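mind looking at a prediction? Sequence and model below.
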Number of protein chains: 6
Amino acid sequence: MIERINEIAIELPRPKDPDPNAASAVQELLGGRYGEMSTFNNYLFQSFNFKNKKKLKPFYDLIASIAAEEFGHLELVTHAINILMEGSSFPGDPDIAPLRNAKDQRNHYAFIDTAQSGKPGDSQGRPWTGDNVFNSGNLIVDLLHNYFLEIGARTHKMRVYEMTSHPTAREMIGYLLVRGGTHIVAYAKALEVATGVNVTKMLPVPNLSNRSFDTARKYEEKGAHRKLYTFSKKDYRGIQQIWKGTHPETKEPLEVVIGTPKGAPVPDYSEICEEFAPGISAEDFQEIAKRLQKNAGLT
Amino acid sequence: MIERINEIAIELPRPKDPDPNAASAVQELLGGRYGEMSTFNNYLFQSFNFKNKKKLKPFYDLIASIAAEEFGHLELVTHAINILMEGSSFPGDPDIAPLRNAKDQRNHYAFIDTAQSGKPGDSQGRPWTGDNVFNSGNLIVDLLHNYFLEIGARTHKMRVYEMTSHPTAREMIGYLLVRGGTHIVAYAKALEVATGVNVTKMLPVPNLSNRSFDTARKYEEKGAHRKLYTFSKKDYRGIQQIWKGTHPETKEPLEVVIGTPKGAPVPDYSEICEEFAPGISAEDFQEIAKRLQKNAGLT
Amino acid sequence: MIERINEIAIELPRPKDPDPNAASAVQELLGGRYGEMSTFNNYLFQSFNFKNKKKLKPFYDLIASIAAEEFGHLELVTHAINILMEGSSFPGDPDIAPLRNAKDQRNHYAFIDTAQSGKPGDSQGRPWTGDNVFNSGNLIVDLLHNYFLEIGARTHKMRVYEMTSHPTAREMIGYLLVRGGTHIVAYAKALEVATGVNVTKMLPVPNLSNRSFDTARKYEEKGAHRKLYTFSKKDYRGIQQIWKGTHPETKEPLEVVIGTPKGAPVPDYSEICEEFAPGISAEDFQEIAKRLQKNAGLT
Amino acid sequence: MIERINEIAIELPRPKDPDPNAASAVQELLGGRYGEMSTFNNYLFQSFNFKNKKKLKPFYDLIASIAAEEFGHLELVTHAINILMEGSSFPGDPDIAPLRNAKDQRNHYAFIDTAQSGKPGDSQGRPWTGDNVFNSGNLIVDLLHNYFLEIGARTHKMRVYEMTSHPTAREMIGYLLVRGGTHIVAYAKALEVATGVNVTKMLPVPNLSNRSFDTARKYEEKGAHRKLYTFSKKDYRGIQQIWKGTHPETKEPLEVVIGTPKGAPVPDYSEICEEFAPGISAEDFQEIAKRLQKNAGLT
Amino acid sequence: MIERINEIAIELPRPKDPDPNAASAVQELLGGRYGEMSTFNNYLFQSFNFKNKKKLKPFYDLIASIAAEEFGHLELVTHAINILMEGSSFPGDPDIAPLRNAKDQRNHYAFIDTAQSGKPGDSQGRPWTGDNVFNSGNLIVDLLHNYFLEIGARTHKMRVYEMTSHPTAREMIGYLLVRGGTHIVAYAKALEVATGVNVTKMLPVPNLSNRSFDTARKYEEKGAHRKLYTFSKKDYRGIQQIWKGTHPETKEPLEVVIGTPKGAPVPDYSEICEEFAPGISAEDFQEIAKRLQKNAGLT
Amino acid sequence: MIERINEIAIELPRPKDPDPNAASAVQELLGGRYGEMSTFNNYLFQSFNFKNKKKLKPFYDLIASIAAEEFGHLELVTHAINILMEGSSFPGDPDIAPLRNAKDQRNHYAFIDTAQSGKPGDSQGRPWTGDNVFNSGNLIVDLLHNYFLEIGARTHKMRVYEMTSHPTAREMIGYLLVRGGTHIVAYAKALEVATGVNVTKMLPVPNLSNRSFDTARKYEEKGAHRKLYTFSKKDYRGIQQIWKGTHPETKEPLEVVIGTPKGAPVPDYSEICEEFAPGISAEDFQEIAKRLQKNAGLT
């Protein structure tokens, strides 16, 4: 079970200019095979289905708590997409074609199926699929999978970063490169504990430091690459047995933080009249307010 | 973001006899179009993408907090599947074909792809897909969708209940019928607030009370059908403006509970040697224990 | 546009014993790649998108009118599935597991997603897809496609026939072998007209006469293999320019019949309480009857 | 079964300028989840699989006859796509790249797989799937589904309307908004009869009248929003028990019309040489004409 | 089994200017339903599953050896895509957005998932699927399928040729039109042997000679349309019983060539730094060179 | 390009008793995500798209030559499925239902769509998809992927082995465990050369030696685990720089063999009359023989 916190992981800039095609690229990081739906659901199901949780507690705790962090990444990427879309159309009567800018954009779903928001699909509009979840139940195979998955995810993030200069996309990706980087190291260390093979020595893969990305560097400077969170006040502390020693690239000490990191306020999004979203007129709203007040008597 | 709690929603019985084909039916409730992956992800993305969160706070809070509850339902169904599978095979050398019982079962993935666990797929083995997420951004359309989705989900749960007498499946479904029932009423009341139309009057749909199901009745007797949780210590309290008055079927008073309900310990699962899950031998384990101890020096 | 006729193509026997796994095989003939969804939609879209309809009227008329017949085939296969499923479960309280027989059957969707009815999916439960529609716009390519499609469909029908002795499946397949046989000949003759190559000479493919199938023989004896219908009182008569001469196998004269053939009454299906289908209790029904009477005042 | 009528529902304008990207948006209304393939096939299978047709005749008749109308809508949208594509390329030898304009368009299938025509796929080129058909067999669940489906379909139509000023797209969408609007009201009234809940009171959803759309207003002025057709000369008249009283928005009297409405001539499409469609040269045609004449002797 | 030869079928020009959207069109010829993945895998599985290979040796040999040729076509199309993409971006630090040109291109996968290379997917980015393999096991049905498949493939090639003037795309398509043309004739002749019907008489379909395409004409002039290869030094010579007589269009003598035709060197592709492909720095390379030398001692 | 050799990798036993459900399990090894379609196509596309082939020749040669071996594995698994199916039905007139045994089997496609043969799909009948191909273009990422892929494939093979005692399945899997084992070591050594990290130290994963499988032990005793083949008489010899030293488990010397290994005769399969496969009657065959003889005059 979870407790939900009404915050997102970091504050995202909200520039004036939309970039719908950058948003469609960012969708790959949300609902592509190496996107956040995949990391989140892989670790989620692996934690649900884990055998011998007690005996192998540090590994269970690692996978379970990283799953919890991925929830926040899924949320963050979706918010980034909302912000990238903001202002892609303009209000007006249907007969002036207020969504006309959408016609030549890459992702029609963003305009027809959602109100310029994020979907669990990829950069070509194809939906995320449960086939992306791997869970053999063998600890080594699953850790190796997760290590590879995170490296694949990093590769995709680096490439999408390079596709756009939009500050929101960059801020989000910079942050996720750093946090994803901690997951790569975490799974590498878990693999080392489980097998004795020091796979951290091959990092970073691809061979370009997070510090080469402006917005990632900022988070590394704050030490975000050294910390792993339990995402629980009392559980999952077994990660301390894996997340210790020093960071393989910077040699700084690793640190486990109990709980969920402090986040930023959830952005609110303006009405988009031409999408009928949320589609509540001033009069509707007055009626709703009245009904909310007398709701006790409803039904 | 979330804080994760290492508990599942209720305690599930762990009978001796496995029922792999019942597990395959239960998969429909996990990864079918009307399964928990769908309810969870629909409300998740609807909460991420919500427009005018502040102005329409009670609705946002409702969708956001129900999403949090669905996380626990997804978890619960997956655990039920693990328990339904327990004992489906027996240990032994590969040459005695220890997985031979699997050959004629409906779901080969459960034996080849997972170690007799749950997957985000349905009763025929087809993966859950992001196409199952609907999020128009229009408040009324989305509430109507959710109301229908919950009713579809209830129909499927009632039918799977009828397919098996396995106590774990029944306990889980009984509980979810009751909790799903609260979500139906919640979305009905939200629709009523938003539109003035009292759709609760048509409930229950299908027209058979939860009280007709042994294991559901138990939870209704505890009042589970009257309570909605915020799944947060401080946020999402706007649900109090919607979840008030009386229950449409029982006329008992509705109640909002702050926070996440108290759960049950997460079940642990034994090693399944013939699946190589988790595949850590006694010698391996000793090595792992050593490495965990000296881990500080790793890397 | 169409006018709908409340009849099905032929009368289907309604034996007492259900055969759910035969129903799952028959699904291949409904929603498999070579099933009726495919033949219907291929000819439908080819008729919509046809270029130079006027100049090439006999070809347009042929494809358009066969599409109309395929509507009736889709309907007939779906009814056959309903009948094959009749009696697969028994009524009773949920706690006696009235759907328990379903658990080990091949197609869980038939019990969970539908109320023991037909779906646009195939024998493994996979949905029909629009990818099955081919429409190059080139007349020869499309005719060749249709000729091949019908032969593939015939092959599948012959094999499903051999999988079950259930009288309903056999009656339906026997009839469709004969009618599908006329479509093979029709497209063969159209190809001959368009290219000069007499492809009818290779028929039947596979090389076993429809007369080898008891229930097909019956329809051949009635002359069903010699007739092509316009499925319109006034349009599509251009098929007379293609459907003339003699039948390639029997050498009997071919005949064009104006209009839609006379069918049989649409079967009605009993309530299945354990599926909550249609789920209208006696009390509900009384209320409905009242509301129907006073409906003028509704809204 | 059906009788096919060689007419389309309304006359569509045929402007000179093509708009292939608008055509790709319109594909969502044909083969998207909320497109005409979905409405048509949902009602079709629901009518085939209906339980207790006799007892619940008004509901059966409603679903069966609306399915018949949807056939014509599927046809109309496909024709609109053909017209939107007309003139997207130019004839010429392959080496001058006569399809060069296609290269940067959104939908390559329209140029490679079809000859600039409609396909049962959506705005991103993904095929329609049988998963889009819902048919629980429970009358209330299915009516609620249909009510929601029509509202989802309306939302998508409104948005596609706003994406293009192309007169053909607008004419088609305007008409379908009005006809789809009657289906929303029809399912709302059926739900009211079945449950006693007056869901028409929440209409229109989204909260913008069809009268806000130029081309829809025109059809409302002709009264098209007040009429429901039986699409049969003798069957399906039970809809009269549901479709009566007044229209919820305009308060005008509702009217059942027996039969299929009068349509417009089916548009013919010119040859597109560069697509080899239909690819019949003048010489070919002479040969074909000869073969048609002597066809009696063929085979 | 196979022996692999490090050559591609023909030399492809390597012009300076990339054309990523032409590459996305060419993907249809690689991973679309009528692309090389389909022809290759159809014949491959048909050869594996062939019944009565000995008795029907000429047919088995034909399908088996054409499968071998299709391997080389799959390879050739993939190389053409690599060349079409060459130069689509430029090197630089991530913060200058070196992949910025990719953002508005049709196929994001080519930039995010691959390093500007070919994938087994189609022109809209959808993956090739095993559903594209047809293998009824009936010789006539399978030959008819293959004949149709090749004609469908030819149609798509002709259309993609017309979409771009890029010399690499044209060289590749011109060659494949000629080689695909031999496969059409080969399956036509096989069908004629098997059934007595001379389907070659309808060729070419579509009705435009390969000689109308500059780059195809060149290969016809070299006689490539007259030759069929065994793709084996000692096996598959049974094709000589089918591939004999004269070419249906040119009346030139057909010729069987023993073995695999002489090809051209495999193109090498430069590093794409901004894709991290292959991502081996100068320092890395030195380390690798050292490790290669001392590799004997590794492990 | 390739030269095809009319041999399969090893001789497979042909026992009398069929096992169609074991065949359906084996399909996972053919067309599942970790089946031979995946290994073959991953390495194939990686070899086609390789950057800097010359500079990184040993790696290119490794991937290219292993791709060539996978062709033979794909072939071998498909033949195993054919043999597992042999005798699943019996000949007879359609009206005695000669395919009746098929009705309750797991995989209807094997009887309806193929003539009891292998398809590029998995154990639940779902088709292989191009999404299973990963090719980032970054050498380390791709090698790590391949290492993981082979380990996933080994896990699946081990489990399917345990599901059946059928000698054909076991012989095939035993052999492939050994050959797949060499690929695991080969990619491990390549990773070590590329990164300096000795991942072979974690092998075998899962932690059970191939020697625990009767039929694998046999091949290890012949030294099959020590050899890597170039699958070319003259190319791909760069693998010698990677495949040297000793085997990580047995410490025996590794050996590169030039060329393709000697195989076994391709099995021939009897006619299956009740599948109409190949469907050539004695009379047909006489006609075919005549036509083959006079073929020179055809067309």
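Received it, and whenever you're ready, just let me know what you need.

so the one residue sitting closest to the centre of chain A is in which element?
Nearest residue to the geometric centre of chain A (Cα atoms, centre = their mean): A:H73, 2.1 Å. Under the criterion of DSSP states H and E, A:H73 resides in helix A:57-85.

can that helix be found next to chain E?
No - looking at helix A:57-85 against chain E by Cβ under 8 Å from any Cβ of the partner chain, there are no contacts, and the closest approach is 11.3 Å. The C-beta positions use only the backbone N, C-alpha and C, and glycine is treated the same way.

can you tell me if that helix touches chain F.
No - using Cβ under 8 Å from any Cβ, we find that helix A:57-85 stays clear of chain F, coming within 14.9 Å at best.

show me what from the stretch 1-150 of chain A comes close to chain D.
So the stretch 1-150 of chain A meets chain D at A:93-95, A:97-100, A:102-104, A:106-109, A:111-113, A:124-126 (Cβ under 8 Å from any Cβ).

report the buried members of these.
A:94-95, A:97-100, A:102-104, A:106-109, A:111-113, A:124-126 (16 or more other Cβ atoms under 10 Å in any protein chain shown).

okay, how far is it across stretch A:160-174, tip to tip?
In stretch A:160-174, first residue to last residue: 11 Å (Cα to Cα, to the nearest Å).

tell me the helices in the stretch 1-150 of chain A, going along the chain?
Remark: helices assigned in the stretch 1-150 of chain A by DSSP state H, counting those that start in this stretch are A:20-31, A:36-49, A:57-85, A:109-112, A:139-163.

format those helices as JSON lines; extra columns: mean pLDDT.
Output for the helices of the stretch 1-150 of chain A, formatted as JSON lines (pLDDT from 0 to 100):
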{"stretch": "helix A:20-31", "mean pLDDT": "98"}
{"stretch": "helix A:36-49", "mean pLDDT": "98"}
{"stretch": "helix A:57-85", "mean pLDDT": "98"}
{"stretch": "helix A:109-112", "mean pLDDT": "98"}
{"stretch": "helix A:139-163", "mean pLDDT": "98"}
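
distance to E:G196 added to these, as JSON lines?
Listed next are these as JSON lines, based on distance: least, Cβ to Cβ, whole Å:
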{"stretch": "helix A:20-31", "distance to E:G196": "54"}
{"stretch": "helix A:36-49", "distance to E:G196": "55"}
{"stretch": "helix A:57-85", "distance to E:G196": "62"}
{"stretch": "helix A:109-112", "distance to E:G196": "52"}
{"stretch": "helix A:139-163", "distance to E:G196": "55"}
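
which stretch among these comes nearest D:D284?
Comparison of the helices of the stretch 1-150 of chain A against D:D284 by Cβ to Cβ identifies helix A:109-112 as nearest, at 41.7 Å.

could you pull up the residues touching A:A277?
Contact partners of A:A277, counting by Cβ atoms under 8 Å, 6 or more residues apart in numbering or on different chains, are A:A115, A:Q116, A:E271, B:K51, B:S136, B:G137, B:N138, B:L139.

what's the most distant pair in those?
Spatial extent of the contacts of A:A277 (Cβ to Cβ) is set by the pair A:Q116 and B:L139 at 15.4 Å.

the contacts of A:A277, buried ones only, as a ChimeraX selection?
Provided next is the ChimeraX selection string for whichever of the contacts of A:A277 are buried by 16+ other Cβ under 10 Å:
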select /A:115,116,271 /B:51,136,137,138,139
